[in-house]
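*Asks:* The sequence and its predicted three-dimensional model are supplied below.
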Amino acid sequence: MRILVCVKQVLNLDDEFELRADGLDVDRDYCDRDLNEWDDYALEEALRIRERGGGDIEVVAATVGAEDATAELRKCLAKGADRGVRVWDERLQDCDGMMIAHVLAALVRREQPALVLTGVQGADHGQAQTGVALAALLAWPRAAVVRALEFSADAGEALVRRELEGGLEECVRIRCPAVLTIQVGINTPRYASLRGITQAAGRSVDTPALAELAIDGAAIAAARAARVRRMYVPPRPRPRMIEGRAGEQAAALAALIRDIRGGPR
Amino acid sequence: MSAVLVIAEHRGGVVRPVTREIVAAALAVREGLGARVEVAIIGARPDVLVPALSLEGVDELLLVPAPIEEFQPECYAAIGAALIAARRPRLVLIPHSVDGISYAPAIGATGSHGYASDVFALRCDGEDLVATRSAYREKVRVELDFPGRETVVLTVRPGSFPPASRPGGVPATTLEVPVGPMNSEHRGYIEPDAGGDVDVGAAEFLLAVGRGIGDRATAEEAAMLAGRMGATLACSRPVVDAGWLPKSRQIGQSGRTATNCRLYLALGISGAVQHLAGMKHVETIIAVNRDPDAAIFGVARVGVVADAAELVAELRALFP
Ligand SMILES: Cc1cc2nc3c(=O)[nH]c(=O)nc-3n(C[C@H](O)[C@H](O)[C@H](O)COP(=O)(O)OP(=O)(O)OC[C@H]3O[C@@H](n4cnc5c(N)ncnc54)[C@H](O)[C@@H]3O)c2cc1C
Ligand SMILES: Nc1ncnc2c1ncn2[C@@H]1O[C@H](COP(=O)(O)O)[C@@H](O)[C@H]1O
């Protein structure tokens, strides 16, 4: 049995980030890259299912991304994923969530997992769309914002708790195979061991071409659901800033708080 | 005439307030699109919700009976798709809520519609619809359009439109829509733990720590500082997820709202939309962050660019 975890490399802006010359995205040179926070929890959940289940469960981490996204797959391998798969093609440049969902759907058809886990959202764009779009393309059951999960391979179902607004939770029974989007806080992700990191460095990552996944490049391009007109830094109302060294800032802040709250200065 | 279709959100027999906000969003763009506004109510007894959604400016309520007790994502996606096929709306608006993100992308993907999520502004530019959202921790904005798409599906950020509130007489039409297989089943709700050690919603002065507080030890120092200042300690979500503070202290979409708060001191909080949902209304927000571009400064009255741990240490000396 197999669990597929979809992971995304996200960009974090530097303090002095700049937009790309075409004004449609940020310049990648001013960014750190990282494994999407939500995906770390999704991977951990898959690893725990494997450990609880004993025996025959394979955890596969998959990403749609250019060469440098391999680093995120290695993090997953270092933590214990059995395999990493990365899909890329020039035609996926600047792809949106719908295009990614099409690629992932083809990958799921090849891998035939019993469960697909994604993050609720990417920390980069907060789209929160790829997992549910993937489920729809596969016509699979789905549940979003899962904060507790009990998977029963034998029964072919899972009991999940979805986290709703205001701390309310919903209990849902769902047939599997299914796509679940995993919320942070569902578990505490492990750190990779030094040994895991060393071993992962030497392992190869599978990189099937679009054609091998029976994906039509033109169809993928047509799946783009929105076009970026422009990206810009919004004019922000700046608050009054308290300047100075930490000691001076603290003194000014303390005085301000006492002013607002009343009482002795 | 083309249409803007709003899909209402309700839970436990009550319309969720965000529904009236997206009705307002629909009313705001109707003229530019030359469109009618239709509001769909999906559920076991859609008729019960008619009074709550008979709002001035809405042209028609579409009542769609469905064999579900509460929200079900496949059912909503199937009915949404069927309504698009029947009414061919130019625009479909769905809340960017936990339920909204559970089915809106499915409608977008299977129908090959234009799609964007967490949109907070909308306008027409000639024939084009332009949607605005933000990215990279709210540091930049993105304008999107949808060339060649007859229908565009958008999820709309809660809190971005003042809710439509004036009642009006709106005709209702019942539509029978076949729903396909449903592979998940609602099994009840679990209410949030009412207990907890404090009620952060009731506090007037909150000192809230975020991930930027760094570690558990510094969070504990901040707790001590809060006590000396007369503030109640609160936090953002990662602090709870890390196990530094209990869930009862969390402010935001999936936590508590700082209902009574008048002074909110935020230490090392970036200002994600889900956190702001619980506190951006507070009269005086003071934000401390190492990053001068952090989004939290956009809602703050006073800002301090500083290391949170260092500032906590300095403040502790001033509140003996
Ligand atoms: C469905 C859903 C529901 C959610 N509900 C909630 C919710 O209820 N409440 C909530 O808070 N979040 C919620 N979130 C999570 C939210 O999206 C953000 O991830 C979260 O609010 C970020 O918390 P943060 O600002 O503490 O951390 P980060 O975004 O990581 O920000 C840390 C900040 O600290 C600053 N910093 C770092 N080091 C220092 C230092 N030494 N000194 C000073 N500043 C420093 C950084 O510049 C940064 O701005 C939810 C997300 C989803 C998808
Ligand atoms: N390029 C990608 N490759 C693999 N999985 C992805 C990719 N983009 C998004 N996902 C998955 O979809 C989730 C939601 O991302 P998003 O829809 O971009 O907010 C992420 O947490 C990932 O699990």
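*Replies:* All right, it came through fine. Ligands and ions are numbered 1, 2, ... in the order given.

*Asks:* can you pull out the helices in the stretch 1-150 of chain B?
*Replies:* B:18-33, B:50-53, B:73-87, B:100-111 (DSSP state H, counting those that start in this stretch).

*Asks:* OK, now which residue of chain A is nearest to ligand 1?
*Replies:* A:V120 (4.7 Å; Cβ to the nearest ligand atom). The way it works is simple: take the backbone N, C-alpha and C, and place the C-beta from them, glycine included.

*Asks:* and the nearest residue in space to B:R290 that is not next to it in sequence, how far is that from A:T70?
*Replies:* Distances taken as Cβ to Cβ, 6 or more residues apart in numbering or on different chains put B:D307 closest to B:R290, at 5.8 Å, once the chain neighbours are dropped. Look at B:D307 and A:T70: by Cβ to Cβ, to the nearest Å, they are 34 Å apart.

*Asks:* With distance to B:G126 and mean pLDDT added, can I get the helices of the stretch 1-150 of chain B in TSV?
*Replies:* Formatted as TSV, the helices of the stretch 1-150 of chain B follow (distance: least, Cβ to Cβ, whole Å; pLDDT from 0 to 100):
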stretch	distance to B:G126	mean pLDDT
helix B:18-33	10	97
helix B:50-53	31	97
helix B:73-87	23	98
helix B:100-111	23	98
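
*Asks:* Make a markdown table out of the ones you listed and add distance to B:P147 and mean neighbour count.
*Replies:* Shown next, in a markdown table, are the helices of the stretch 1-150 of chain B (distance: least, Cβ to Cβ, whole Å; neighbours: other Cβ atoms under 10 Å in any protein chain shown):
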| stretch | distance to B:P147 | mean neighbour count |
| --- | --- | --- |
| helix B:18-33 | 16 | 21 |
| helix B:50-53 | 33 | 16 |
| helix B:73-87 | 19 | 21 |
| helix B:100-111 | 15 | 27 |
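
*Asks:* For ligand 2, find the nearest of those helices.
*Replies:* That would be helix B:100-111 among the helices of the stretch 1-150 of chain B, by Cβ to the nearest ligand atom, at 7.7 Å.

*Asks:* now check that closest one, is it near chain A?
*Replies:* Yes. Applying Cβ under 8 Å from any Cβ of the partner chain, one finds helix B:100-111 in contact with chain A at B:101-110.

*Asks:* Neighbours of the residue of chain A closest to ligand 1, how many?
*Replies:* 27 (other Cβ atoms under 10 Å in any protein chain shown).

*Asks:* again, but for the one 10 residues further on
*Replies:* A:T130 sits with 26 neighbouring residues when counted by other Cβ under 10 Å.

*Asks:* same check, this time on the one 10 residues further on
*Replies:* Neighbourhood size, A:W140 [other Cβ under 10 Å]: 20.

*Asks:* my guess is it meets A:A178, correct?
*Replies:* Yes. Counting by Cβ atoms under 8 Å, A:A178 is a contact partner of A:W140 at 5.7 Å.

*Asks:* okay, and the common contacts of those two?
*Replies:* Overlap of the contact sets of A:W140 and A:A178 (by Cβ atoms under 8 Å, 6 or more residues apart in numbering or on different chains) consists of A:116, B:183.

*Asks:* could you pull out the strands for the stretch 201-320 of chain B?
*Replies:* B:205-209, B:232-235, B:263-267, B:284-289, B:302-305 (DSSP state E, counting those that start in this stretch).

*Asks:* Any idea which of those gets closest to ligand 1?
*Replies:* The nearest among the strands of the stretch 201-320 of chain B, by Cβ to the nearest ligand atom, is strand B:284-289 at 4.5 Å.

*Asks:* mean confidence for that closest one?
*Replies:* The pLDDT scores in strand B:284-289 average 98.

*Asks:* what's near enough to touch residue 102?
*Replies:* Assuming you mean chain A. Taking Cβ under 8 Å, 6+ apart as the test, what A:H102 contacts is A:137, A:215, A:219-220, A:223.

*Asks:* I was after chain B.
*Replies:* B:S102 sits in contact with A:132, A:142-145, A:162, B:71, B:73, B:76, where contact means Cβ under 8 Å, 6+ apart.

*Asks:* If you count surrounding residues, which of B:D307 and A:T70 has more?
*Replies:* A:T70 (19 against 16).

*Asks:* Pull up the residues of chain A that are close to ligand 2.
*Replies:* Applying Cβ under 6 Å from any ligand atom, we find that chain A lies next to ligand 2 at A:6-8, A:36, A:38-39, A:62-65, A:97, A:100, A:118-119, A:121-122, A:125, A:127-131.

*Asks:* show me what contacts B:V209?
*Replies:* B:219, B:222, B:233-236, B:239, B:245, B:267-269, B:308.

*Asks:* now with 10 Å?
*Replies:* Listed by Cβ atoms under 10 Å, 6 or more residues apart in numbering or on different chains, the contact set of B:V209 reads B:218-219, B:221-223, B:225-226, B:233-236, B:239, B:244-245, B:249, B:265-269, B:288, B:308, B:312.

*Asks:* Run through the bridge partners of it.
*Replies:* In this entry, B:V209 is beta-bridged to B:C235, B:L267, by DSSP bridges.

*Asks:* That one and B:A277, how far apart?
*Replies:* 18 Å.

*Asks:* now swap in B:E220 and tell me
*Replies:* 27 Å.

*Asks:* ditto for B:L233
*Replies:* 20 Å.

*Asks:* Equivalent analysis for B:R45, please.
*Replies:* Counting by Cβ to Cβ - B:R45 and B:A277 are separated by 29 Å.

*Asks:* When the two are compared, which one has more neighbours?
*Replies:* The residue with more neighbours, out of B:R45 and B:A277, is B:A277; 20 against 11, by other Cβ under 10 Å.

*Asks:* Now for the nearest residue to that one once chain neighbours are set aside: which residues touch it?
*Replies:* Spatial nearest neighbour of B:A277, excluding adjacent residues (Cβ to Cβ, 6+ apart): B:Q253 at 4.4 Å. Taking Cβ under 10 Å, 6+ apart, we find B:Q253 in contact with A:163-167, B:97-98, B:158-159, B:237, B:272-278.

*Asks:* how about 6 Å then?
*Replies:* A:165, B:274, B:277 (Cβ atoms under 6 Å, 6 or more residues apart in numbering or on different chains).

*Asks:* Same list (the residues you listed) but as a markdown table, adding distance to B:A82 and pLDDT.
*Replies:* Converted to a markdown table, the contacts of B:Q253 look like this (distance: Cβ to Cβ, whole Å; pLDDT from 0 to 100):
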| residue | distance to B:A82 | pLDDT |
| --- | --- | --- |
| A:E165 | 27 | 96 |
| B:Q274 | 31 | 96 |
| B:A277 | 32 | 96 |
